[in-house]
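Trainee: what follows is a protein structure lacking sequence information:
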């Protein structure tokens, strides 16, 4: 194994308590938690602002300004070898969450890290809501709006930190709602769509990722590989020893098939079988559609829920109809054919997915014109058109039933009988500890490669 400079949790609490006392005595205005480097002599060296906690209020600006003015003129940020951003799951965070919290699934990972002297971390506070549905925490945002907020705050925080500590390697960990947010951000980094160079990212670990692409590889894009690629510029002497288990060959409930670009090999997908978020049944497209509708709904009270669910479902069907008419209905020399590239339930699922946007006014006009052309062609030759279309529509119905066969399959229903326990079981399964060990290993490898 590799050497890890571990410390007792009580010792860390004592050090943290002393640090907070120093802050109170110094009468600094900014009371946000600081992350500091704890050296072998247990003294704090160079306080580091908890970078990237997004709060666009005048009070926060004033507090940050006062803190900056209170520092000695030559004091600079203490940049650790590895700085990890975490995004919690639904109900586990809030906009005022403590960025140094060790609660929730991500907090359990951070609380198990032992390389205090070389790893910094920060949780991203956001609404972490699911439309205000009972049992999903106090947040009222829709799931879609909540995830969008988390993505914006994560991007701002990571960008700000990289500007402050350009030599520090960055890591990301997340659970459930946060996992999809981090996965999408990792795709952006890997594709060069952010200001963070991919070679500055040490690794990404997502648990219960609802955007997980299909495939049983825990390291997407690396078939048969169970450990992450070396951090660029390191030899992976420690991180290569941390092995991750295969995941179900299915996909998340809202899969994103875009790869991770230059971050391929550095992203870990962790999914417990039967966790519907990351292990959705493959033949249940209507489930995907329902998930997309619910994700955009206001569920905090029954009346609001009925109204928003109906409106969202109606919009999804309208989007699906427009796309189906333009893509699947063909008219060639007066002959009408319905040749669907996707089942109608897949079209509805796509229409309910806010990532896909909505048809443009021009597309809606084109669809209306296509429908008029179909009506004219059928009216001109009903005996020639209707039997052929009836056969094509019948085949499409059969395909649609097959695409949702899992919804009536007893074996599938039995697989998801323990969906709640599966979704929340990543600590009991040892996965949170494994991710913490992996972060320690990444930090070790980075430190060994340092000049």
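Mentor: Yep, it's here. All of these numbers come straight from a predicted model, not from anything done at the bench. Residues are numbered from 1 along each chain as shown.

Trainee: CA atoms for contacts and neighbours, from now on please.
Mentor: Noted.

Trainee: where do the strands sit along this structure?
Mentor: 35-38, 44-48, 82-87, 119-123, 169-175, 201-207, 267-270, 329-332, 335-338 (DSSP state E).

Trainee: biggest helix in this structure by residues?
Mentor: Longest helix of the chain, by residue count under DSSP state H: helix 302-328.

Trainee: now do the buried residues in that one.
Mentor: Buried residues in helix 302-328, defined by neighbour count with 16 or more other C-alpha atoms under 10 Å: 305, 308-309, 312-326, 328.

Trainee: quick check: mean pLDDT of that helix?
Mentor: Taken as a whole, helix 302-328 has a mean pLDDT of 86.

Trainee: for that helix, packing partners?
Mentor: Applying 3 or more C-alpha pairs under 8 Å, 6 or more residues apart in numbering; DSSP states H and E, one finds that helix 302-328 contacts helix 285-295, helix 344-352, helix 361-380.

Trainee: which of the residues in the last one are buried?
Mentor: So that's helix 361-380. 364, 367, 370, 371, 374, 377, 378.

Trainee: and what of stretch 154-164?
Mentor: By neighbour count with 16+ other C-alpha under 10 Å, stretch 154-164 contains the buried residues 154, 155, 157, 158, 159, 160, 161, 162.

Trainee: do stretch 441-451 as well
Mentor: 441, 442, 443, 444, 445, 446.

Trainee: where in the stretch 51-200 of the chain is pLDDT low?
Mentor: Where the stretch 51-200 of the chain drops to pLDDT under 70, the residues are 51-77, 116-117.

Trainee: and the helices in it?
Mentor: In the stretch 51-200 of the chain, the helices defined using DSSP state H, counting those that start in this stretch lie at 58-70, 104-111, 143-164, 177-190.

Trainee: which of the buried residues of stretch 441-451 sits closest to residue 344?
Mentor: For these, the closest approach to residue 344 (C-alpha to C-alpha) belongs to residue 442, at 45.7 Å.

Trainee: tell me which of the buried residues of stretch 441-451 fall in helices.
Mentor: Secondary structure from DSSP H places 441, 442, 443, 444, 445, 446 of the buried residues of stretch 441-451 in helices.

Trainee: closest one of these to residue 343?
Mentor: residue 442 (44.3 Å).

Trainee: residue 431 is nearest to which of the helices and strands packed on helix 302-328?
Mentor: helix 285-295 (26.0 Å).

Trainee: which outside residues touch the closest one?
Mentor: 130-131, 142-144, 253-254, 309, 312-313, 316, 345-346, 348-354, 403-404 (C-alpha atoms under 8 Å, 6 or more residues apart in numbering).

Trainee: need the buried ones from those selected in PyMOL.
Mentor: Buried residues within these, by 16+ other C-alpha under 10 Å, are selected in PyMOL with:
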select buried, resi 130+131+142+143+144+253+254+309+312+313+316+345+346+348+349+350+351+352+353+403+404
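
Trainee: and the helices of the stretch 51-200 of the chain as JSON lines, adding distance to residue 83?
Mentor: Shown next, in JSON lines, are these (distance: least, C-alpha to C-alpha, whole Å):
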{"stretch": "helix 58-70", "distance to residue 83": "20"}
{"stretch": "helix 104-111", "distance to residue 83": "11"}
{"stretch": "helix 143-164", "distance to residue 83": "9"}
{"stretch": "helix 177-190", "distance to residue 83": "15"}
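
Trainee: residues contacting the residue nearest to the spatial centre of the chain?
Mentor: Against the mean C-alpha coordinate of the chain, by C-alpha atoms, centre = their mean, the closest residue is residue 180 at 1.7 Å. Contact analysis of residue 180 by C-alpha under 8 Å, 6+ apart lists 206, 209, 210, 211, 212.

Trainee: ok, so of those residues, who is nearest residue 243?
Mentor: Using C-alpha to C-alpha, the contacts of residue 180 come closest to residue 243 at residue 206, 14.9 Å.

Trainee: can you tell me how far the closest one is from residue 355?
Mentor: With the distance defined as C-alpha to C-alpha, to the nearest Å, residue 206 ends up 20 Å from residue 355.

Trainee: one more: residue 249?
Mentor: Using C-alpha to C-alpha, residue 249 is found at 23 Å from residue 355.

Trainee: hmm, residue 440 and residue 115 touching each other?
Mentor: Yes: using C-alpha atoms under 8 Å, residue 115 is in contact with residue 440, at 5.8 Å.

Trainee: neighbour count for the two, which is higher?
Mentor: residue 440 (27 against 22; other C-alpha atoms under 10 Å).

Trainee: quick check: residue 222 vs residue 264, distance?
Mentor: With C-alpha to C-alpha as the criterion, residue 222 and residue 264 are 8 Å apart.
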